[in-house]
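Student: Okay, here's the prediction I keep looking at, along with the sequence it came from:
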Amino acid sequence: MNGKIVVEHLTKTFKKGNVQAVKDVSFEVEEGEFFAFLGPNGAGKSTTVQILTTLINATSGKAEVAGHDVIREPEKVRRYIGVALQETGVDPDLTGREMIELQANIFGFRKEEGKKRAQELLEIVQLTEAAERRIGNYSGGMRRRLDLALTLVNEPKILFLDEPTTGLDPSNRMAIWEELRRLNEEVGTTIFLTTQYLEEADSLAHRISIINDGEIVATGTPKELKAQIGNDLITLTLKNEKQQSEAVEYLRGQMAGVDVINRQNKVLIYVEEGTKQLLEVVRLFDQEGYEIEDIQLSSPTLDDIFLKITSEKKEGVRAVGE
Ligand SMILES: Nc1ncnc2c1ncn2[C@@H]1O[C@H](COP(=O)(O)OP(=O)(O)OP(=O)(O)O)[C@@H](O)[C@H]1O
């Protein structure tokens, strides 16, 4: 058994509507990795999760989860995974606490252990106050938190989470992020998470694949994806404009390999690591007595990357079709 996910040329066509939901998708997730599938509505994220968790079959291609083929050995795959899907089957007549205890029983916890685990999980997902209420009366966000708790009962080796924080308010979202980070870092759980939230993928994942219209359009660490649209930019203005040309020459001399551009009353500095080099610029100017009026750092966000990549893709497709 290993905690890896290996996907090769996965394709899924739904006969109904003849939708190609997943198109020749290949990727690997290493044991202990936190991996995110980032994409808009209808991109194919849920379909991929459903194939990997043995709920539906792919049309073609191959996938191994925890060392087992999802089609030939689905029961072995299920033994090692936890799944929190967008829609799950819970009994609306049970209370949240009863549902978690029931799940613990299914996983073979003794009664007292199950109660203890249920209490821990209710605290983690912040449902202690609602623990004695029937699930049928839970809000969407509460259901989502309960789903996560159910998934975590047996601390699975690989965890699949399909948009786990959609519809949650910021404090609930943060609590779930913390728990996911803890599971990944302390327990070593491999995590495959889908999300429409750029900041969620950016904040949690070691690596991200951007999926759009059934295809992976980019893969990399958050940093690598950001680097795809250029480096950080420092923009500054000096108190005394007359010093600007001299200051630019000075900076070029001090910061080898960095592009320093003199433009009207602004100095533009293209750097690799914005924050660190911003401090260096301030220090160098301070040393020489160049007083800074204003300094700003802008760095590309994943939003910028997503828009750039998906719009390039669309333009590409249009160009081919024309
Ligand atoms: N059972 C189904 N039958 C027919 N088409 C389907 C089925 N399930 C999904 N689709 C279609 O497949 C495409 C991908 O859907 P999928 O649910 O995988 O996207 P998603 O990225 O998870 O989106 P969301 O963020 O909205 O959940 C969509 O066009 C969707 O309408």
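Tutor: Sure thing, it's come through. Here the structure is a predicted model, which means the values were calculated and not measured. Numbers count the residues shown, from 1 in each chain.
Student: Residue 97 contacts residue 116, correct?
Tutor: No. With contact defined as CB atoms under 8 Å, residue 97 does not reach residue 116; the gap is 11.8 Å. (Glycine included, C-beta is placed from N, CA and C.)
Student: Show the contacting residues for the residue in the stretch 51-200 of the chain that the ligand sits nearest to.
Tutor: Ranked by CB to the nearest ligand atom, the top residue of the stretch 51-200 of the chain for proximity to the ligand is residue 196, at 5.7 Å. If you count contacts by CB atoms under 8 Å, 6 or more residues apart in numbering, residue 196 has them with 38, 39, 40, 41, 163, 166.
Student: more neighbours, residue 97 and residue 116?
Tutor: Between residue 97 and residue 116, residue 97 has the larger neighbour count (other CB atoms under 10 Å), namely 21 against 14.
Student: Around residue 270, how many other residues sit close by?
Tutor: 15.
Student: quick one: the nearest residue to it once chain neighbours are set aside and the ligand, what's the gap?
Tutor: Using CB to CB, 6 or more residues apart in numbering and skipping residues adjacent in sequence, the residue nearest residue 270 is residue 259, 4.3 Å away. Using CB to the nearest ligand atom, to the nearest Å, we find residue 259 at a distance of 39 Å from the ligand.
Student: Could I get the contacting residues of residue 259?
Tutor: 268, 269, 270.
Student: From residue 201, how far off is it?
Tutor: Applying CB to CB, to the nearest Å, the value for residue 259 to residue 201 is 29 Å.
Student: Next: residue 276.
Tutor: 24 Å.
Student: Quick one: neighbours of the nearest residue to residue 66 once chain neighbours are set aside, just the number.
Tutor: Excluding its sequence neighbours, the residue lying closest to residue 66 (CB to CB, 6+ apart) is residue 80, at 3.9 Å. Residue 80 has 18 neighbours, counted by other CB under 10 Å.
Student: wait, what's in contact with residue 80?
Tutor: Contacts of residue 80 (CB under 8 Å, 6+ apart): 1, 3, 65, 66, 68, 156, 157, 158.
Student: Can you tell me the SS state at the closest residue to the second one other than its chain neighbours?
Tutor: Closest residue to residue 3 in three dimensions, ignoring its sequence neighbours and counting by CB to CB, 6+ apart: residue 31, at 3.6 Å. Counting by DSSP: H, G, I helix; E, B strand; the rest coil, the backbone at residue 31 sits in coil.
Student: Residue 31 is in contact with residue 4, isn't it?
Tutor: Yes. Using CB under 8 Å, residue 31 is in contact with residue 4, at 5.3 Å.
Student: what sits in contact with each of these two?
Tutor: residue 190.
Student: Could you say which helix or strand holds residue 75?
Tutor: According to DSSP states H and E, residue 75 maps onto helix 74-80.
Student: Pairing partners for the helix or strand following that helix, with directions?
Tutor: Moving toward the C-terminus from helix 74-80, the next helix or strand (DSSP H and E) is strand 81-84. Here strand 81-84 is paired, per DSSP bridges, with strand 158-162 (parallel).
Student: ok, the strand it pairs with near the ligand or not?
Tutor: No. Applying CB under 6 Å from any ligand atom, one finds strand 158-162 separated from the ligand by no less than 7.0 Å.
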